[in-house]
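A.B. asks: Coordinates for the following, if possible.
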Amino acid sequence: MDHTETLTRLEQIVGPDRLVTGADMARWSTDWSGEVSWTPLAVARPDTVEEVAAILRLANDQQVPVVPVSGNTGMAGGTRAEGAVMISLDRMSRIREVRPEARIAVAEAGVILANLHEAVEAHELIFPLFFGARGSAMLGGALSTNAGGSNVLRYGNARALCLGVEVVTPTGEVMNLMSALHKDNSGYDLRDLVIGAEGTLGIITAAVVKLFPKPRAYATAMIATETVSDAVALLYELQAETGGAVEAFEYMPGPYIDAHLTRFPDARPPFDARHEVNVLVEVGAVAERDAIPRPDGVVPIAAHLERVLERAFEKGQVQDAVVAQNEAQRGEMWARREAAAELALLKLPFVDNDVAVRPDLMQELLERIEMRARALDPGVEFLNVAHLGDGNLHFAGWPSSPDPALMKAISRAVEEEVIALGGSFSAEHGVGVLKSAAMAAHKDPVALAVMGRIKAALDPNGILNPGKVIP
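C.D. replies: Below is the predicted model:
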């Protein structure tokens, strides 16, 4: 098909310097996972919401598929764009304003999360959406996938951190939902509809996000327990003891620690002895009484965490514990956890499932999926890691054979066990194209049908991120 007219008109909308074609599109032709690649028709890099709207009106008129992209750090193939016009939001990177008195920030979709973190920190505030790719991931993509990360336990997913959005519909209309209100019952919640829709119902171009007081001090520790269930029980005690101030509760099993020491031979192990259940716990203190060091230099929140862990040790709930004594030790603990993606690449290929169950079912889930995986491949090696506090497991491992059929069988077995326990086959990475089969197999058919009707109503020509989310 001849797209000369489309390209000419796109160039008129954004200008020749912001329309990318040919070999220059390489950086937009695959995602972080490397599992999906494509050749776009072109990549448009608009500066304004009006330009985004004009591109979508053109694409809808000519029925040309459009795929939005932000930092392109996705894990589910959500930006696959074969023959499509990609709209890169990277130039729409303005933080329009930070309002400390209202605890909000207004930012465009192309703002890199780390830049937003830095901007609000100047006001002693945080935007608590933290994960390993925050140095390149952008706000629009995080909202479009309802991203999670390590602080969901205390602050919630991206959807819970957003008050309002600016959205361009598939037909090129600008929908202003930029409310800064915590309560607004004026009709359907269209904001929550587009957040997590992976760019299939509209393109988020800006958002009003919630800010929170920056903790004055952190108490961070590595703990070892006999079982995962013991760790979950300890979490609930810690939440009660700290008034819900536990910010992270991250599970790293023995094989994960082994892989970390293999990849980083100069790193220290978390404990003198090896343990099968290792958890990073972090508590954030906002009040001065918990954060201001005492005359002996001890920070009250850290001392409190130590007392709680000592009691747990005496009761046999904890096998070992190390509390960070300074920022360097805290950074070392977090570096271990945030190396997960790099550790997975120690061997290729690897199987990766992003699933969720109730936290109290995590022990049973691990036992069931490891049994199923070993039945399929006795030589499989596991590299699991989890946001244990919210029940999100990243089941990963290296099969003994690169056979694609074996890898699919293992992933399918994991999904089946998760569904059997009332869980979800997609916790925080979205559906994209890589989980399309799981969506067809496990999503409630009535829910799928309703989703299809919503998609058809908002995108009658099916141009926006086609083939994603809905099988």
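A.B. asks: count of residues packed around the closest residue to residue 227 other than its chain neighbours?
C.D. replies: Excluding the flanking residues, the one nearest residue 227 by C-beta to C-beta, 6 or more residues apart in numbering is residue 363, at 5.9 Å. Yep, even glycine has a C-beta here, placed from its N, CA and C like the rest. Residues lying near residue 363 (other C-beta atoms under 10 Å) number 16.
A.B. asks: and if you look at residue 416?
C.D. replies: 17.
A.B. asks: follow-up on the earlier one: may I have the phi/psi pair for the residue nearest to residue 227?
C.D. replies: phi -60, psi -50 (degrees, to the nearest 10).
A.B. asks: and the gap between it and residue 198?
C.D. replies: Using C-beta to C-beta, to the nearest Å, we find residue 363 at a distance of 31 Å from residue 198.
A.B. asks: What of residue 326?
C.D. replies: 41 Å.
A.B. asks: More neighbours: the two, which one.
C.D. replies: Neighbours were counted for residue 326 and for residue 198 using other C-beta under 10 Å; residue 198 has more, 23 against 8.
A.B. asks: That one contacts residue 432, doesn't it?
C.D. replies: Yes - using C-beta atoms under 8 Å, residue 198 is in contact with residue 432, at 6.7 Å.
A.B. asks: Show me whatever sits in contact with both of those two.
C.D. replies: Common contacts of residue 198 and residue 432 (C-beta atoms under 8 Å, 6 or more residues apart in numbering): 78, 468, 469.
A.B. asks: and which of those residues is nearest residue 292?
C.D. replies: residue 78 (44.9 Å; C-beta to C-beta).
A.B. asks: Which residue comes closest to the closest one once chain neighbours are left out?
C.D. replies: residue 432 (3.6 Å).
A.B. asks: Check residue 18 too.
C.D. replies: Closest to residue 18 by C-beta to C-beta, 6+ apart is residue 45, at 4.3 Å.
A.B. asks: how close does the spatially closest residue to residue 161 that is not a sequence neighbour sit to residue 160?
C.D. replies: Spatial nearest neighbour of residue 161, chain neighbours left out: residue 210 (5.1 Å); criterion: C-beta to C-beta, 6+ apart. With distances taken as C-beta to C-beta, residue 210 is found 8 Å from residue 160.
A.B. asks: What's the first helix or strand after the helix or strand hosting residue 441?
C.D. replies: Per DSSP states H and E: residue 441 is located in helix 436-442. On the C-terminal side of helix 436-442, the closest following helix or strand by DSSP H and E is helix 445-458.
A.B. asks: which of the residues in that following helix are buried?
C.D. replies: 451, 455, 458 (16 or more other C-beta atoms under 10 Å).
A.B. asks: Neighbouring strands - and their directions - for the helix or strand encompassing residue 220?
C.D. replies: Assessed by DSSP H and E, residue 220 sits inside strand 217-225. With DSSP bridges as the test, strand 217-225 is paired with strand 277-285 (antiparallel), strand 320-323 (antiparallel).
A.B. asks: average pLDDT for it?
C.D. replies: If you average the pLDDT over strand 217-225, you get 97.
A.B. asks: List of residues touching it?
C.D. replies: 231, 234, 247, 270-271, 275, 277-285, 290-291, 299, 301-302, 304-305, 309, 317-324, 329-330, 333-334.
A.B. asks: One more: stretch 427-440?
C.D. replies: For stretch 427-440, the external contacting residues (C-beta under 8 Å, 6+ apart) are 33, 35-36, 74-80, 144-149, 152, 157, 196, 198, 354-356, 387, 391-393, 412, 415, 425-426, 448, 467-471.
A.B. asks: Show me which of those residues are buried.
C.D. replies: Burial by neighbour count, 16+ other C-beta under 10 Å: within the contacts of stretch 427-440 this picks out 33, 35-36, 74-80, 144-149, 152, 157, 196, 198, 354-356, 387, 391-393, 412, 415, 425-426, 467-471.
A.B. asks: Of those, which belong to strands?
C.D. replies: 354, 355, 356, 387, 392, 393 (DSSP state E).
A.B. asks: Model confidence score at the third one, please.
C.D. replies: So that's residue 356. For residue 356, the pLDDT comes out at 97.
A.B. asks: now swap in the fifth one and tell me
C.D. replies: Here, the pLDDT recorded for residue 392 equals 97.
A.B. asks: Excluding covalently adjacent residues, which one is nearest to it?
C.D. replies: residue 427 (4.3 Å).
A.B. asks: partners of residue 248 in the sheet?
C.D. replies: residue 282.
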